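K.L.:
need a 3D model of the sequence below.
(2 chains)
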Amino acid sequence: MSGDVTIRIEGLWKRYGFPIPEALRKGISRLKRKNPEEDGLWALKDLTLEIRRGETVGIVGRNGAGKSTLLKVLAGVTAPTKGRVEILGRIFPMIELNAGLNMELTGRENVRLLGAIMGLTRSEVERALPAIEDFTDLGQWFDKPVRMYSSGMLARLGFGVAVNVESDVTLIDETFSVGDLKFQNKSLARVKEMRESGATVLLVSHSLETLQFVAKRGILLEQGQLLADGTALEAINAYETLVFRSEQQRLEHRVRSRITSEEVNIFGARLYDRAGNTLTEVPAGAPFGIEVDLRLNRKLERPMFSLGILNAAGILCKWNISEEDGLVEKGDCGRYLMRAWYPENRLANGAYEVHFAVRNATSFETMERIAGVVSFAVVGKLRARGIVAGKCAWELIPVDEDEIASGLAKGDARVSGTR
Amino acid sequence: MSTAVYVNMGQSGREVSRFLSLLWALVVRDVTSRYRRSSLGMWWAFLQPLILMLLFNMLRGFVNIPSDGIPYVLFSYAALVPWTFFANSLSACGPSIITNAEVIKKIALPREVFPLAAVCTALFDFAMSGIVLAVLMAWFAVHVGLALLWLPVLICIMTTAAFAIGLLLASLGTFRRDFTFATPFLTQAWLFVTPVIYPMSSVPEKWRALYMLNPMVGIIEGFRSVLLRNASPPLEPLVASAVMTMILLALCWPLFRRLSAYFADVL
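P.N.:
Numbering: from 1, shown residues only, chains lettered A, B, ... in the order given. From the prediction side, this is the model:
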């Protein structure tokens, strides 16, 4: 297999800035009274990776994980600090395609400019111009100065040129997030075309759905290191777990600093399974419960608890009120474990956050409200996404078109597709 | 220094043609976009040296500057055309990397193309003001001849000198903006040690050798003799210019190459 390796990275380290010899650098940091061993400045740490011809690799990671740096080093935009990078083939970075646009020039003039920047010769640009004009779908705007363009139109211009550049390895960074849906689909189709034609594609996108559909392999970067390398789905799952863990650490810190309310104290919250064991990840479809450890410092005639579950996009997926679900206990002063059991888990895969509130049902005053009292991830093997999980029953029913036509002619009001 | 290797084996042998296409596109961009929103448009390319010439003529009204028996308008303008090119090149090269930061941060290109494009854009203005000079020469009925064949040589040395110093300013200016701010003062000072408003003959004999180390001396004097006296350029200053230009290029280009690998990091 080593014969068709396109990209080989061995022990790649990258630190931004002009490389100063190690001894001198240590001397300088000592002068500045900083820890000379401090390595927080490394954007990439000891990265080793092999990418074979024809692979479509999605790169995931949080902000500052080193995704863009990796693409920049591969593109040759910035030099590696240590290590070896080998690329066998022509590399083309589709990174922010509007770099180099001049606002005063027309679309057509800018296409010539962008084409040259992206490595096309003059004759190649002239040959591709009609195709680009067609692809960008700008009509009469094509000959107007680009300062009059909308951001979507600008994006189309850059992408239109980029798809006409032939390369063995294509690097894509967040190019899909621009433009309208029609244009996004066009772009996606183009990436699939490249994949099918045997080109190697590396892409960074915050849209996990896109990655899932386009990429076959996935790698997860965290603080400049390779954390996971496998199928796209494995990498995405690892990424979501990572995001969830760090989110949880942040929340734990926040919750601890939140126990200041005089009337209600909240000591902690957890998720548990049927056996009562604490969960950090909920298997897709498995029932689970949420437990909140709290103390009431005021006697409440009718305490009312509410639990909301929000997904990573901040959409409220589920919200329950204790009173409506039949909890009518009185609340004397004292410490409690409030438990809510979710027998039907219809949450889709992803990261979630729990919002918790205590109210006085007689006066409706809010005693305590915590956003993100606990968070968790729902993990499953299936790729289906959305807000609500669950399989649906699919069918593919062959239909005789002639029959429909004759049925319509007779005034048959039958709706096709239903039985 | 630790080992860092970047190997790209995807070169297809069309690099030269790509480089020239890119250079052309950048020059077209600079030339067409620069004047697009000004009312006078391209006329600025003519106006710039014309205004300078008028200023120096006014100066001559107060101070007596020798001009080797040539009408002062011609004498100064023939020198101002190459000088304006040189000064414009330097001021455009310094920030050429910074103004193209968006491109340099995204795509690997031979970075020399940006200062070179700045020089070529200045060369366009040079051609424009050359037309004005031709008209002026026709007006004064200057006799020209075979000496004009020296022009390509002079232009070649002049462009190379501007490119070499431009590379230096671009590489330093990218790391520290101070160099870009200092460039106008540098060119001002340089103007006074170049025979633009005065002839080289007014420089004392004992300083001549030192004076000729300035690569612009041989070029400007060359332009004057070729255009106004129909004579070959004075050989000594011309050779000094060519040698100095080569030395500058041999020093500045490797420096630029070395620093340019880290341009993307500091932009």
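K.L.:
surely residue A:142 is in a helix?
P.N.:
Yes - Residue A:142: assigned to a helix according to DSSP: H, G, I helix; E, B strand; the rest coil.
K.L.:
ok, the nearest residue to residue A:319 once chain neighbours are set aside to residue A:373 distance?
P.N.:
Excluding its sequence neighbours, the residue lying closest to residue A:319 (CB to CB, 6 or more residues apart in numbering or on different chains) is residue A:308, at 4.3 Å. C-beta here means a position set from N, CA and C on the backbone, and glycine is covered the same way. Residue A:308 is 10 Å from residue A:373, where distance means CB to CB, to the nearest Å.
K.L.:
helix or strand for residue A:71, which one?
P.N.:
For residue A:71, the host element (DSSP states H and E) is helix A:67-75.
K.L.:
right, and the helix or strand after that helix?
P.N.:
Downstream of helix A:67-75, the next assigned helix or strand under DSSP H and E is strand A:82-87.
K.L.:
need the contact list for residue B:40.
P.N.:
Residues near residue B:40 by CB atoms under 8 Å, 6 or more residues apart in numbering or on different chains: residue B:47.
K.L.:
for the stretch 301-419 of chain A, which spans come out with low pLDDT?
P.N.:
Residue ranges of the stretch 301-419 of chain A with pLDDT under 70: A:408-419.
K.L.:
what about the helices in it?
P.N.:
For the stretch 301-419 of chain A, the helices defined by DSSP state H, counting those that start in this stretch cover A:401-409.
K.L.:
neighbours around residue 134, how many?
P.N.:
Assuming you mean chain A. Neighbourhood size, residue A:134 [other CB atoms under 10 Å in any protein chain shown]: 10.
K.L.:
wait, chain B
P.N.:
Residue B:134 has 13 neighbours, counted by other CB under 10 Å.
K.L.:
try residue B:37
P.N.:
For residue B:37, using other CB under 10 Å, the count is 10.
K.L.:
for the residue nearest the centre of chain B, give its distance to residue A:302.
P.N.:
In chain B, the residue lying closest to the centroid (CA atoms, centre = their mean) is residue B:86, at 2.6 Å. From residue B:86 across to residue A:302, the span is 88 Å (CB to CB).
K.L.:
repeat for residue A:46
P.N.:
Applying CB to CB to residue A:46 and residue A:302 gives a distance of 60 Å.
K.L.:
the longest strand seen in chain A packs against which elements?
P.N.:
Determined from DSSP state E, the single longest strand within chain A is strand A:366-379. Counting contacts by 3 or more CB pairs under 8 Å, 6 or more residues apart in numbering or on different chains; DSSP states H and E, strand A:366-379 packs against helix A:232-256, strand A:264-272, strand A:281-283, strand A:288-296, strand A:350-360.
K.L.:
my guess is residue A:163 meets residue A:188, correct?
P.N.:
No - at 11.7 Å, residue A:163 and residue A:188 do not qualify as touching, with contact defined as CB atoms under 8 Å.
K.L.:
ok, these two, which is more surrounded?
P.N.:
The neighbour count for residue A:163 versus residue A:188, taken as other CB under 10 Å, is higher for residue A:163 (22 against 14).
K.L.:
what sits closest to the more buried one if chain neighbours are left out?
P.N.:
residue A:190 (5.0 Å).
K.L.:
same deal with residue B:131?
P.N.:
residue B:46 (7.5 Å).
K.L.:
the one you found and residue B:133 touch, don't they?
P.N.:
No - using CB under 8 Å, residue B:46 is not in contact with residue B:133; the gap is 10.3 Å.
K.L.:
helix, strand or coil for the residue nearest to residue B:150 when sequence neighbours are not counted?
P.N.:
Of all residues not flanking residue B:150 in the chain, residue B:226 sits nearest, at 4.8 Å (CB to CB, 6+ apart). Remark: residue B:226 carries the secondary structure label helix [criterion: three-state DSSP].
K.L.:
and residue B:226, how far is that from residue B:218?
P.N.:
Using CB to CB, we find residue B:226 at a distance of 12 Å from residue B:218.
K.L.:
look at the two and report which has more neighbours.
P.N.:
Neighbours per residue (other CB under 10 Å) separate residue B:226 from residue B:218, with residue B:218 holding more: 29 against 23.
K.L.:
contacts only, for the more buried one.
P.N.:
B:157, B:212, B:233, B:234, B:236, B:237, B:238, B:239, B:240, B:241, B:242.
K.L.:
any idea where the strands of the stretch 51-200 of chain B begin and end?
P.N.:
For the stretch 51-200 of chain B, no strands turn up when DSSP state E, counting those that start in this stretch is the criterion.
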